[in-house]
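Asker: structure of the sequence below:
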Amino acid sequence: MYGGYFGLFVNMLGEEGERWDMFRAFDRQLPKMEDLDKYDGFVVTGSKSDAHGNAVWILELCQLLRCCYQMRIKVLGICFGHQILSRALGGKVSRSSAGWDGSMEKDCIEFNKYCMVQVTEIPCGADIIAFSNKTEIEMFSMDDHILGIQGHPEYSSDILFNLMDNLCNEGILTEEMVKKAKNSVEQYNNVYEREIWQQICKRFLKYTII
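Answerer: Residues are numbered from 1 along each chain as shown. Predicted coordinates for the structure are as follows:
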């Protein structure tokens, strides 16, 4: 309906003249190690899978992310990407003791989030740069080429509502949980602040920080 994760992120971050490639990590489709230096950066999106799992593709992705870090290639991780990036570089992730978190977090700037897994410990040398009442590590950075964000700057409220309804229909969420989450999003949703989050992601990927 919304172009898939690839479409969402290219629409959010892409600019004329750029080339974006898609790799389906869960199908064990990853760039070759010898081709990594051909890319200016990578974005690891959300996933239905748990970042603390040990499926072969997850372990292969972790290895790839470690190589990107060593080569100082920029990596932006969103939700699952945030979690797997932390794990790959020595941090820890686990299922949230509070269960599903579907809300519009009101931090310094607001953003959509919908998750059940969270980063519990950042890698050695990383910095926590955002937190909330529900999640101690909403964002972390490492040097100038690693950025992890727990929330979903690519999600509009329509996308989030559609996701909630699907999870409710599948019996994963209750109607009461969905109602509460939707109320949170409707109360705090701010298109302007969502654009700020998108600009944070774009500037991280495209500009050199000195």
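
Asker: please make it C-alpha for all contacts and neighbour counts, starting now.
Answerer: Fine.

Asker: list the contacts for the residue lying closest to Arg24 once chain neighbours are set aside?
Answerer: Nearest non-adjacent residue to Arg24, counting by C-alpha to C-alpha, 6 or more residues apart in numbering: Leu30, 6.9 Å away. Going by C-alpha atoms under 8 Å, 6 or more residues apart in numbering, Leu30 touches Phe23, Arg24, Leu61.

Asker: now the helix or strand where the last one lies: mean pLDDT?
Answerer: When you say that, I think you mean Leu61. Element membership for Leu61, per DSSP states H and E: helix 56-70. Mean pLDDT, helix 56-70: 97.

Asker: stretch 92-105 too?
Answerer: pLDDT averaged over stretch 92-105 gives 62.

Asker: which stretches of the protein form helices?
Answerer: Applying DSSP state H to the chain gives helices spanning 4-13, 56-70, 80-88, 157-169, 175-188, 191-206.

Asker: which elements pack onto the third one?
Answerer: In this case it means helix 80-88. Applying 3 or more C-alpha pairs under 8 Å, 6 or more residues apart in numbering; DSSP states H and E, we find helix 80-88 packed against strand 41-44, helix 56-70, strand 74-78, strand 92-95, strand 117-121, strand 146-149.

Asker: quick check: angle from that helix to strand 117-121?
Answerer: 30 degrees (axes from the mean of the first three to the mean of the last three C-alpha atoms, to 10 degrees).

Asker: run the angle between helix 80-88 and helix 56-70 for me.
Answerer: Going by the same axes, to 10 degrees, helix 80-88 is angled at 70 degrees with respect to helix 56-70.

Asker: need the mean per-residue confidence for helix 80-88.
Answerer: For helix 80-88, mean pLDDT is 95.

Asker: how far does it sit from the chain's center?
Answerer: Offset of helix 80-88 from its chain centre (C-alpha atoms, centre = their mean, to the nearest Å): 8 Å.

Asker: so what touches it?
Answerer: 43-47, 49-52, 62-63, 65-66, 76-77, 92-93, 117-119, 121-123, 139, 147-150.

Asker: make a PyMOL selection of the buried ones in these.
Answerer: Buried subset of the contacts of helix 80-88, written as a PyMOL selection, criterion 16 or more other C-alpha atoms under 10 Å:
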select buried, resi 43+44+45+46+50+51+52+62+65+66+76+77+92+93+117+118+119+121+122+123+139+147+148+149+150
